[in-house]
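Turn this into a model:
(one chain, ligands or ions: 1)
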Amino acid sequence: MKPKYDIIVVGAGPAGSMAAYWGVKAGVSVLLLEKDSHIGLPVRCAEGVNSKSIEKLVPVQDAWIARRITGVVFHSPSGKQLNIQSDEVGYVLHRKRFDYDLARMAADQGAEVHTRAWVYDLVREENRISGVKVNHLGEEKTIRADVVIGADGVESRVGRWAGLKTHVALKDMETCAQVTAANIDIDPDSIHLYFSHKLAPGGYLWIFPKGDKIANIGLGISGEYCRKKSPYNYLMEFMQHHFSQASVLTTSLGGVTASKPLKHIVTDGLVLTGDAARHSNPLTGGGIASGMTAGKLAGEIAAAAVKEKNVSKNRLLDYAETFNKTEGKNLAKFYRIKEFVYNLSDEDLINIEKGVTKLPEEKRTLVNIFKVALVKKPSLILDVIKLFT
Ligand SMILES: Cc1cc2nc3c(=O)[nH]c(=O)nc-3n(C[C@H](O)[C@H](O)[C@H](O)COP(=O)(O)OP(=O)(O)OC[C@H]3O[C@@H](n4cnc5c(N)ncnc54)[C@H](O)[C@@H]3O)c2cc1C
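Residues are numbered from 1 along each chain as shown. Below is the predicted model of the structure:
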């Protein structure tokens, strides 16, 4: 490592690798630091993405795709299923390979990438963030930069070190448990979503097929409900009931923020991006595509600021404002939809399911499901007004 770079990116997840790639592409020097030994591991993700959202950001490689998805099956608390076919394809990825290749793209472009490089503090000089302190292979170093990009994920500490408020209300923190299980007998072309307070209070349960007879099965529950029973116990009960014959190949636990994006993600010499900035979708918990979009923007704007020799908060605010006008606006809308959906009782959900079952299959679109929800529970109209105003 050199003593100084134009940009240092902390964390080689999808957001950090995109920031590094686009920073170098814009013509500045970039150091990308990852604390783990293997980029892409451990995988703490259901690995589902909307294909278009990824294709607009990177040329998609076949090796990244475990399964192409064309349908969604909603499971009601009554046990009934609603099938929705879609022209829009989703992917279940191999995240291990995906994250690894994104970091490789950044390296091929000219970013310097180091693993086993744990950033443990920031350097602050002349009233701005001017570098990081890193433990690299057991050796402590101070490396300086014009801009530090914090892409250190949901457990981010970079933001807090910089004095930004990064905390999330307990109710907006989903705690998740997931297994990758073999010998699962389901349609491998559809994802399955279960909404029920009994199965996953304040969240949902998912089955994302990764191939024939293998799937990621997991759930997220709102932090408010974790004291009584852990997400892992909820998941094990579900597995026992539905897939007692399955073999569990991997188990992972992790957090997902289901909040609005952070208000303040920029300070002098520093920006936050991806999960570190709470850029995941609060309704679905998906943060791969939105993190990559934010990372790209962070890399581009940080590089432009370096070239202009103005890395002040005011200059870097361009990143936060551009993100908020586009992706951020949608995430705020999804937050309101989440509040609406997660507050439906199991009885409401069963009533909606009964209404939707009466629709011919070809008319079972998300918009029509929403219309049925309004007919079945007129009091929701107030929530909907809140949602769109
Ligand atoms: C159970 C579960 C299921 C999920 N399912 C989906 C899904 O199906 N689809 C989807 O889109 N999203 C999903 N997500 C969310 C998704 O995983 C994240 O939104 C996404 O990984 C965010 O990317 P990121 O680059 O911001 O952060 P991360 O991918 O978390 O990357 C952050 C990186 O920073 C490194 N790091 C952290 N601290 C330091 C440090 N101090 N020094 C150096 N390096 C550091 C970490 O090791 C990590 O590699 C899921 C999350 C969970 C927990």
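
Any residues of the stretch 101-250 of the chain in contact with the ligand? List them.
118-119, 151-154, 176, 178, 218 (Cβ under 6 Å from any ligand atom). In this view, the C-beta of every residue, glycine as well, is placed from N, C-alpha and C.

Any regions of the stretch 1-150 of the chain where pLDDT drops low?
Within the stretch 1-150 of the chain, the stretches with pLDDT under 70 are 87-88.

For it, give the residue positioned nearest to the ligand.
Nearest residue of the stretch 1-150 of the chain to the ligand, counting by Cβ to the nearest ligand atom: residue 13, 2.1 Å away.

what's the spacing between that residue and residue 175?
Distance of residue 13 to residue 175, computed by Cβ to Cβ, to the nearest Å: 19 Å.

okay, the two: which has more neighbours?
Between residue 13 and residue 175, counting by other Cβ atoms under 10 Å, residue 13 is the more crowded of the two (28 against 20).

you'd agree that one is up against residue 279?
No. With contact defined as Cβ atoms under 8 Å, residue 13 does not count as touching residue 279 (11.3 Å).

Past the one helix or strand residue 108 maps to, which element shows up next along the chain?
Element membership for residue 108 (DSSP states H and E) is helix 95-109. The first helix or strand that comes after helix 95-109 along the chain, using DSSP H and E, is strand 112-114.

Residue 158 versus the residue of the stretch 1-150 of the chain closest to the ligand, what's the distance?
Distance from residue 13 to residue 158, by Cβ to Cβ: 13 Å.

cool, residue 200 as well?
Relative to residue 158, residue 200 is positioned 31 Å away (Cβ to Cβ).

Setting aside sequence neighbours, what's the nearest residue to residue 21?
Computed as Cβ to Cβ, 6 or more residues apart in numbering, the closest residue to residue 21 that is not its neighbour in sequence is residue 106, at 4.1 Å.

OK, contacts around the one you found?
Shown in contact with residue 106 (Cβ atoms under 8 Å, 6 or more residues apart in numbering): 12, 17-18, 20-21, 24, 30, 32, 113.

circling back: if we take the residues of the stretch 101-250 of the chain next to the ligand, which one ends up nearest to the ligand?
residue 153 (2.7 Å).

Just the element for the closest one, please.
Using DSSP H and E, no helix or strand contains residue 153.

Now the residue lying closest to it once chain neighbours are set aside: phi and psi?
Nearest-residue entry for residue 153: residue 275, 4.7 Å, with adjacent residues in sequence omitted and distances by Cβ to Cβ, 6+ apart. When quoted as degrees, to the nearest 10, the phi and psi of residue 275 stand at phi -60, psi -30.

Would you mind listing the two of the residues of the stretch 101-250 of the chain next to the ligand that lie farthest apart?
Greatest spacing in these, by Cβ to Cβ: 119 and 218 (28.8 Å).

per the record, what domains does this protein have?
4-44+96-168+260-333, 67-91+170-257, 344-388 (automatic domain parsing).

Of all those domains, which one comes closest to residue 60?
Among the domains of the chain, domain 67-91+170-257 sits nearest to residue 60 (Cβ to Cβ), with 7.7 Å.

Quote the end-to-end distance of the closest one.
Terminal residues of domain 67-91+170-257 lie 26 Å apart, using Cα to Cα, to the nearest Å.

In contact with the residue of the stretch 1-150 of the chain closest to the ligand, which residues?
99, 151, 153, 274-275, 291 are the contacts of residue 13 under Cβ under 8 Å, 6+ apart.

which two of those lie the greatest distance from each other?
Across the contacts of residue 13, no pair lies farther apart than 99 and 275, at 13.0 Å, counting by Cβ to Cβ.

Wasn't residue 290 part of a helix?
Yes. Residue state for residue 290 (DSSP: H, G, I helix; E, B strand; the rest coil) corresponds to a helix.

got the residues of the stretch 251-389 of the chain near the ligand?
254, 256, 274-276, 280, 285-288, 291.
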